[in-house]
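In: Sequence and predicted structure, then a few things I'm wondering about:
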Amino acid sequence: MASSSQGRILLSVTGYNPRRWLELLSGEREVVLEPEGAEDPSIHFAVVWKHPHGVLSRLPNLKVIFSVGAGVDHIFADPTLPDVPIVRVVADNLTQYMTEYVVWRVLDHHRQGIAYRAQQPRKVWFEPPQPPATDISVGIMGLGQLGRASAKALLALGYRVNGWTRTPQATDGVTGFSGQDGLADFLAATDILVVLLPHTPATEGIIDHALLSGLRRDNALGGAILINAGRGKLQKEADILRALDDGTLKEASLDVFEVEPLPEPSPLWTHPRIFVTPHAAATSDPAYLAPPMLEQMARFERGEPLQNLVNRDAGY
Ligand code: NDP
Ligand code: OXD
């Protein structure tokens, strides 16, 4: 039940219908749906996804920004972003979705899903080479909340797993590499590349032809595979197409794109060796994410520390 002493929430979501967020958040607090609420001094919290730039800096008493997603590049894109703490999503439900996506895409490429889907309409009865998971190395760029859980699931299936991070990390069973110095060795030991990095100035455009050329293609799968569920701005799509055409890459699964929704004329839609999903690897389900967000607001008002804070310097 909303009380007048509580800070109000500005809900600013673009790209999808905010109705469920509105219903759930307003069960406990007063919520103002942007574009209402400009300059409202009683708004202390903003819950945002791709908010219009400028709306946050006009709130005189804004205390905390909550991202409805794990990624916060959509928040840092605002050049007028006020200097208040930013909380991002870390939730079992989201992690579960991403783990399912990664395992699904790795298994599908490994078990020749693309080849079989091409064979079936032609009624071809042919079994391509089938290496065991233990002969395949999956390299995960970004071993954070989502990368670590995906690594654990892949290890349980028998894959060898490498991880690449900004700072050195130790994850059970994962061979770790970090920084620019570790990148070439990480790629050279990787057959299937899974990208779960945030989009920051340091990672923008990192998935280019030169990087893909570093992957191990003389491998049990007959070529290197790319799976990107991090952000579209990490990848150079023209380079991915070139890499598929010149044999640098065998296949790719892409959930995220330089421009979203993926424009209708994009050749990625129809490439026979690319599997496209519409930024759906791990959906933010308000039924799971709104309650902990409200709990954090209550904790903050009791003077307790916020959890899952974004590091502004690192940009994620
Ligand atoms: P975390 O912040 O928990 O982890 C980020 C990881 O990336 C860390 O391991 C970090 O390294 C690493 N990293 C960051 N910058 C660099 C760099 N410059 N060089 C090397 N490694 C780097 O994020 P999550 O795991 O929660 O989420 C990752 C991303 O997944 C999100 O930012 C978002 O973009 C994307 N996402 C996509 C979804 C979808 O549906 N497609 C859904 C949810 C998230 P270190 O360990 O050293 O800090
Ligand atoms: C996220 C996303 O960042 O859905 O959570 O992309």
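Out: Structure received. Ligands and ions are numbered 1, 2, ... in the order given.

In: P272 contacts P121, doesn't it?
Out: No: contact status for P272 versus P121: not in contact, 11.8 Å apart, counting by C-beta atoms under 8 Å. Heads up, the C-betas are built off the backbone N, CA and C, glycines and all.

In: Quick check, H74 in contact with W49.
Out: Yes: applying C-beta under 8 Å, one finds H74 in contact with W49, separated by 6.3 Å.

In: Would you map the helices across this protein?
Out: 19-25, 73-76, 92-110, 113-119, 145-156, 179-188, 209-213, 237-245, 286-301 (DSSP state H).

In: got the contact list for the residue in the chain that ligand 2 sits nearest to?
Out: Closest residue of the chain to ligand 2, C-beta to the nearest ligand atom: G69 (2.7 Å). Counting by C-beta atoms under 8 Å, 6 or more residues apart in numbering, G69 touches W49, R88, V89, S284.

In: got it, and R148?
Out: T171.

In: Could you list the residues of the stretch 51-200 of the chain in contact with ligand 2?
Out: Of all the residues in the stretch 51-200 of the chain, those in contact range of ligand 2 (C-beta under 6 Å from any ligand atom) are G69, A70, G71, V89.

In: Tell me how many other residues crowd the third one.
Out: Put plainly, it is G71. Neighbourhood size, G71 [other C-beta atoms under 10 Å]: 21.

In: Now it: closest residue in space that isn't a chain neighbour?
Out: Ranked by C-beta to C-beta, 6 or more residues apart in numbering and with sequence neighbours excluded, the top spatial neighbour of G71 is P198, at 5.7 Å.

In: same question, the last one
Out: In space, and not counting its chain neighbours, V89 is closest to A70: 4.8 Å by C-beta to C-beta, 6+ apart.

In: ok, now which ones touch that neighbour?
Out: Per C-beta under 8 Å, 6+ apart, neighbours of A70: R88, V89, V90, L94, Q145, L146, A282.

In: Now do it, the pLDDT please.
Out: If you check A70, the pLDDT there is 98.

In: dump the residue contacts of the residue in the chain positioned nearest to ligand 1.
Out: The chain approaches ligand 1 most closely through G144 (1.7 Å), counting by C-beta to the nearest ligand atom. Contacts for G144 (C-beta under 8 Å, 6+ apart) come out as L196, P198, Y316.

In: what about 10 Å?
Out: Residues in contact with G144, defined by C-beta atoms under 10 Å, 6 or more residues apart in numbering, are A70, V90, T95, G163, T165, R166, Q169, L196, L197, P198, Y316.

In: Quick one: name the residues of the stretch 101-250 of the chain near ligand 1.
Out: 142-147, 164-167, 169, 196-200, 202-203, 229-231.

In: Low-confidence regions, the stretch 51-200 of the chain specifically.
Out: For the stretch 51-200 of the chain, applying pLDDT under 70 flags no range at all.

In: repeat that for 90
Out: Within the stretch 51-200 of the chain, the stretches with pLDDT under 90 are 129.

In: from memory L157 sits against W104, does it?
Out: No: L157 is beyond contact range of W104, at 11.5 Å (criterion: C-beta atoms under 10 Å).

In: I'd guessed R242 sits against A210; true?
Out: No: counting by C-beta under 10 Å, R242 does not reach A210; the two are 11.2 Å apart.

In: list residues touching both of these two?
Out: Shared contacts of R242 and A210 (C-beta under 10 Å, 6+ apart): K236, T248.

In: show me the contacts for the residue nearest the centre of the chain.
Out: Closest residue to the average C-alpha location of the chain: G230 at 3.5 Å, with C-alpha atoms, centre = their mean. Counting by C-beta under 10 Å, 6+ apart, G230 touches 71, 73, 141-142, 146-147, 194-199, 203, 206-207, 255-256, 281.

In: hmm, 6 Å instead?
Out: V195, L196, L197 (C-beta atoms under 6 Å, 6 or more residues apart in numbering).

In: ok, now which ones touch the closest residue to S67 other than its chain neighbours?
Out: The shortest distance from S67 to any non-neighbouring residue, by C-beta to C-beta, 6+ apart, is to R88 (4.7 Å). Residues counted as contacts of R88 (C-beta under 6 Å, 6+ apart) are S67, A70, V72, N308, V310.

In: beta partners of the first one?
Out: In this case it means S67. Beta bridges link S67 to V48, judged by DSSP bridges.

In: re earlier: just the buried residues from the contacts of A70, in PyMOL please.
Out: PyMOL command restricting those to the buried ones, with burial defined by 16 or more other C-beta atoms under 10 Å:
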select buried, resi 88+89+94+145+146+282
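
In: The contacts of A70: which two are farthest apart?
Out: Largest separation among these by C-beta to C-beta: R88 and A282, giving 12.8 Å.
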